[in-house]
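Participant: pasting the sequence and the predicted model now:
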Amino acid sequence: MLHDKMSELILLKADIRDIVGKKVAKFRKENKVPAVIYGNKVACQNLWINDLDFTRVHNKAGESALIELEIAGKKLNVLIHELQHDHRSGKVSHVDFFQVNMKEEVETEIPLEFVGESAAVKAHGGVLIKNLDAVSVKCLPANLPEKFVIDLSKLATFEDHITVADLKISDLVEILLEADTVIALVAAPRTESEMEGLDQKVEEDVTKVAGVVKEEKPVEEKKK
């Protein structure tokens, strides 16, 4: 079954930050992550958030669910707009929050969660192909789905496809993709003759790559 689950507000506390630039580096050792909030009728403001708290919230909300950000006792509805990661540790090094107007529609991407097993893969040796990992939607912030669950058991044969039209969504949510856009399908395994043909084609094409010269046998000089 394909369905969407409306996101619930998740609380995250933040503190006002007056440290900027390179000076923020030493505070990351104290599990503090620099952040900024901007958006609907709100002045851009620098913040601190707790690393562990944010990880918990992000794991649950992702980048599509609404977050209730509490700053100095005031609660604002926000979306995670952008994340930066440390290239060495992989940890989140900076977060951009976007405050939304609950009365204005927003456009964002909702992640797809694939569940179940395809009989076309298990029984017939097919290759599962996932064309999308998220779907773009437009709706009021309160109606944002947390995710779309895609049941792969619907792919019983190589002729079966799961498309955007198969998504069971609320009338309050608009999908920003064509209805016939394929989300997932199973391709039939290649035959031995097809594999041999591919190998032959690769061998023929390799000489077309820039800088690759096919070695030719030397021509014997004519006897005098």
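Facilitator: Right, received. Where do you want to start?
Participant: which parts of this protein belong to which domain?
Facilitator: As assigned by automatic domain parsing, the chain contains the domains 8-101, 107-187.
Participant: mean pLDDT lowest for which of these?
Facilitator: Note on these: lowest mean pLDDT is at domain 8-101, with a mean of 89.
Participant: how about the helices in the protein?
Facilitator: Assigned by DSSP state H, the chain shows helices spanning 25-28, 51-61, 119-122, 192-205.
Participant: in JSON lines: the domains of the chain, plus mean neighbour count.
Facilitator: No exception for glycine: its C-beta is placed from N, CA and C like everyone else's. Shown next, in JSON lines, are those (neighbours: other CB atoms under 10 Å):
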{"stretch": "domain 8-101", "mean neighbour count": "15"}
{"stretch": "domain 107-187", "mean neighbour count": "16"}
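Participant: longest strand of this protein?
Facilitator: The residue-count maximum for a strand in the chain (DSSP state E) belongs to strand 74-85.
Participant: show me what that strand is packed up against.
Facilitator: Applying 3 or more CB pairs under 8 Å, 6 or more residues apart in numbering; DSSP states H and E, one finds that strand 74-85 makes contact with strand 32-39, helix 51-61, strand 67-71, strand 92-99.
Participant: for the ones you listed, which one sits closest to Ile183?
Facilitator: Among the helices and strands packed on strand 74-85, the nearest to Ile183 by CB to CB is helix 51-61 (22.5 Å).
Participant: what's the spacing between that closest one and its chain's center?
Facilitator: With CA atoms, centre = their mean, to the nearest Å as the basis, helix 51-61 stands 17 Å off its chain's centre.
Participant: roughly how far apart are the spatially closest residue to Cys139 that is not a sequence neighbour and Leu76?
Facilitator: Excluding the flanking residues, the one nearest Cys139 by CB to CB, 6 or more residues apart in numbering is Val173, at 4.4 Å. To Leu76, Val173 is 23 Å away according to CB to CB, to the nearest Å.
Participant: before we move on, what about Leu132?
Facilitator: Distance, Leu132 to Leu76, using CB to CB: 31 Å.
Participant: one more: Lys41?
Facilitator: Distance of Lys41 to Leu76, given as CB to CB: 11 Å.
Participant: same deal with Leu47?
Facilitator: 11 Å.
Participant: what sits in contact with each of these two?
Facilitator: Residues within reach of Leu47 and of Leu76 at once, by CB atoms under 8 Å, 6 or more residues apart in numbering, are Ile37.
Participant: beta partners for Gly39?
Facilitator: Listed by DSSP bridges, the beta-bridge partners for Gly39 are Val42, Gln99.
Participant: how far away is it from Pro111?
Facilitator: Distance of Gly39 to Pro111, given as CB to CB: 22 Å.
Participant: and if you look at Lys22?
Facilitator: Counting by CB to CB, the gap from Lys22 to Pro111 is 34 Å.
Participant: next one: Glu117
Facilitator: Glu117 sits 20 Å away from Pro111, going by CB to CB.
Participant: and for Leu69?
Facilitator: Using CB to CB, one obtains 21 Å as the distance from Leu69 to Pro111.
Participant: next: Pro189.
Facilitator: The gap separating Pro189 from Pro111 is 29 Å, by CB to CB.
Participant: then Gly21?
Facilitator: 34 Å.
Participant: OK, contacts around Leu128?
Facilitator: Applying CB under 8 Å, 6+ apart, the residues near Leu128 are 118, 121, 152, 155, 184, 186.
Participant: distance-wise, check the spatially closest residue to the first one that is not a sequence neighbour relative to Leu185.
Facilitator: Which is Ser118. What sits nearest to Ser118 in space, not counting adjacent residues and going by CB to CB, 6+ apart, is Leu155, at 3.9 Å. Distance from Leu155 to Leu185, counting by CB to CB: 7 Å.
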